[in-house]
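Asks: Predicted model and sequence below, questions to follow.
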Amino acid sequence: MSQTTLKKFKKGDLIFRAHDEGDCAYIIDSGRVQIFTESFGVEVAVSSLGPGEIFGEMAILDHSTRSASARALEDLQVSIVSRTQFQQRMDIADPIVRLLVSILLKRMRGNLGVSETPQLSEKHRLDAQESHNKVIDKIKFEAELFEALMDQSFLLYFQPIVKSADFKAVGFEALIRWQSESRGMVRPDLFMGVAEETSLIVPIGKWVFEKACESLRNFQTFLSSKIGHEKSNIFLAVNISGKQFSDINFFQMLETIPKKYGVKENDIKLEITEKILLEGNIFFYWIEKCRSMGFPVSLDDFGTGYSMLSYLSDFNVDTIKIDQSFVRKLEQEPKTRIIVQAIISIAKGLRVEVVAEGVETEKQAIILRELGCEYLQGYFFGKPISYQETLNYLEKNL
Ligand code: C2E
Ligand code: CA
Ligand code: CA
């Protein structure tokens, strides 16, 4: 990052003029500065600034020319802040913050009675318009997502997880859907990223967890009414995003909600993705805490991270879910088969259960069974289905 430099001006010196190119801003160390515009040759004072205040920042934020002039009212010392120093910060700022800054700048320039537009090329103008539209779309999308939460427009779908020995369901994974009036049924990859960037993931995750506990209770009650209590303990796997752990009410939620619905912690598997483990040691502690409360923990999308085997020695997890990218290649690539076999054998040695995800063909299911994978999940056994369809599924698969 470039250095801030000092500069001195004498009383009456002109620091810059309206319409000059601007490549730096100034922080006043001592003395005063007058900012003024000119109209038909008459100077109009806009403001008078003193120590600690900043001026000349507008031009470097939007690459425009100076919209007013600045003159030293007294002997003056300023620190010069380069464009790079601002630009580096703007580059890493949230796009919404950048948009708000640009809107504010336009308004301020409007108030000064100056046209804000630097001479942009047509391409530059179109690019700027496109990124403006994208940010606006994102803000609207966030607002819609928030409304969806308020209006309870989310649904939980359930996808069976079966035993490889007999292809019978032992549990389900709960998967969120957003039933939007304008967009139709929206899949989570399209909105959970936005929910994570904003903190909406926390209330959405809470809704999911509560709905999952309620549904599990109903599935178990349904099963025990049909086949007796001892066979009714199917489980539900619930996806938990990394951000949810840092919510101060997260563990209290884990404590209270299963009790509210009378379901056992042991029947609720918490699925976390490998990638959150990269974010730091605190997850070791959180995972242990979940397990000590009685929740089994699954490592989702196993094999898509960087050092998958080291996770298994560093973390105590109950299940790993082999990612679909491996399963997809099983039939064609002998190498993948060898890798999957090694993963299964290491997991078994560590007494970790293995689920293979994304099983779409019978052949894949048979290969996985032969490799010793005990649990399978994928379209071959069933796509995610609604609550009512899940009850029908349970009825048929008794
Ligand atoms: P995931 O946890 O890896 O969930 C499995 C995804 O694979 C689901 O997509 C499922 O529908 C899909 N899938 C299952 N079997 C097959 C198959 O045989 N072939 C193919 N091509 N796909 C299959 P879905 O429901 O769209 O969810 C996508 C991701 O969104 C999930 O990936 C999970 O990361 C996230 N997600 C879903 N629900 C929740 C939730 O309640 N909370 C959080 N934090 N994330 C969720
Ligand atoms: Ca999952
Ligand atoms: Ca997965």
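Replies: It's in. Residues are numbered from 1 along each chain as shown. Ligands and ions are numbered 1, 2, ... in the order given.
Asks: In contact with residue 143: list those residues for me.
Replies: Applying CB atoms under 8 Å, 6 or more residues apart in numbering to residue 143 gives no contacts. All C-beta atoms are positioned from the backbone trio N, CA, C, and that covers glycine.
Asks: how much space between it and ligand 1?
Replies: Counting by CB to the nearest ligand atom, to the nearest Å, the gap from residue 143 to ligand 1 is 20 Å.
Asks: residues near residue 245, how many?
Replies: Neighbour count for residue 245, taken as other CB atoms under 10 Å: 21.
Asks: go on, residue 260?
Replies: Neighbours of residue 260 using other CB under 10 Å come to 11.
Asks: For it, give me its contacts.
Replies: residue 213.
Asks: how about a cut-off of 10 Å?
Replies: When contacts are counted by CB atoms under 10 Å, 6 or more residues apart in numbering, residue 260 touches 210, 213, 214, 217.
Asks: try residue 324
Replies: Per CB under 10 Å, 6+ apart, neighbours of residue 324: 301, 303, 304, 356, 357, 358, 359, 360, 364, 377, 378.
Asks: Mind naming the longest helix for the chain?
Replies: For the chain, the helix with the greatest residue count under DSSP state H is helix 122-150.
Asks: For the nearest residue to residue 267 once chain neighbours are set aside, name its beta-bridge partners.
Replies: Nearest residue to residue 267 in three dimensions, chain neighbours excluded: residue 235, at 4.5 Å (CB to CB, 6 or more residues apart in numbering). As for beta bridges, residue 235 partners with residue 171 under DSSP bridges.
Asks: Could you measure from residue 235 over to residue 225?
Replies: 19 Å (CB to CB, to the nearest Å).
Asks: Over to residue 22?
Replies: Shown here: residue 22 relative to residue 225, a distance of 75 Å by CB to CB.
Asks: Would you mind giving the domain segments of the protein?
Replies: Domain ranges of the chain: 5-92, 152-396, per automatic domain parsing.
Asks: can you redo those as a markdown table with distance to ligand 1 and mean pLDDT?
Replies: Formatted as a markdown table, those follow (distance: least, CB to the nearest ligand atom, whole Å; pLDDT from 0 to 100):
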| stretch | distance to ligand 1 | mean pLDDT |
| --- | --- | --- |
| domain 5-92 | 26 | 89 |
| domain 152-396 | 3 | 92 |
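Asks: returning to that earlier point: wait, which of the contacts of residue 260 is closest to residue 343?
Replies: When the contacts of residue 260 are ranked by distance to residue 343 (CB to CB), residue 213 comes first, at 30.9 Å.
Asks: Need the nearest residue in space to the residue of the stretch 101-250 of the chain found nearest ligand 2, chain neighbours excluded.
Replies: Closest contact between the stretch 101-250 of the chain and ligand 2, by CB to the ion, is at residue 239 (4.6 Å). Nearest in space to residue 239, with sequence neighbours left out and distances taken as CB to CB, 6+ apart, is residue 271 at 4.8 Å.
Asks: Please identify the helix or strand for the most centrally placed residue in the chain.
Replies: The residue lying closest to the centre of the chain (CA atoms, centre = their mean) is residue 196, at 2.8 Å. Element membership for residue 196 (DSSP states H and E) is helix 188-197.
Asks: likewise residue 300?
Replies: Per DSSP H and E: strand 297-302 holds residue 300.
Asks: For that strand, what is the distance to the chain centroid?
Replies: Relative to the chain's own centre, strand 297-302 is displaced by 18 Å; criterion: CA atoms, centre = their mean, to the nearest Å.
Asks: Strand partners (parallel or antiparallel) of that strand?
Replies: Using DSSP bridges, strand 297-302 pairs in its sheet with strand 268-273 (parallel), strand 319-322 (parallel).
Asks: what's downstream of the shortest one, the next helix or strand?
Replies: Stepping forward along the backbone from strand 319-322, the first helix or strand reached (DSSP H and E) is helix 324-329.
Asks: The next helix or strand after that following helix versus strand 297-302: what angle between them?
Replies: Once the chain leaves helix 324-329, the next helix or strand it forms, by DSSP H and E, is helix 334-349. Per axes from the mean of the first three to the mean of the last three CA atoms, to 10 degrees, the angle that helix 334-349 makes with strand 297-302 is 170 degrees.
Asks: circling back to that earlier point, from the contacts of residue 324, which would you call buried?
Replies: Buried positions within the contacts of residue 324, assessed by neighbour count (16 or more other CB atoms under 10 Å), are 301, 303, 356, 357, 358, 359, 364, 377, 378.
Asks: pretty sure residue 235 contacts residue 269?
Replies: Yes: when contacts are counted by CB atoms under 10 Å, residue 235 is listed as touching residue 269 (5.8 Å).
Asks: what do those two both touch?
Replies: Shared contacts of residue 235 and residue 269 (CB under 10 Å, 6+ apart): 161, 171, 173, 296.
Asks: For the residues you listed, which single residue is the most surrounded?
Replies: residue 161 (26 neighbours).
Asks: State the phi and psi torsions of that one.
Replies: Here is the backbone geometry of residue 161 (degrees, to the nearest 10): phi -120, psi 120.
Asks: Same question for residue 110.
Replies: According to degrees, to the nearest 10, residue 110 has phi -60, psi -40.
Asks: Nearest to residue 246, out of the shared contacts of residue 235 and residue 269: which one, please.
Replies: For the shared contacts of residue 235 and residue 269, the nearest to residue 246 is residue 296 (21.5 Å; CB to CB).
Asks: so that closest one makes contact with residue 320?
Replies: No: the criterion here is CB under 10 Å, and residue 296 misses it with residue 320 at 11.7 Å.
Asks: Residues that sit against both of the two, list them.
Replies: residue 353.
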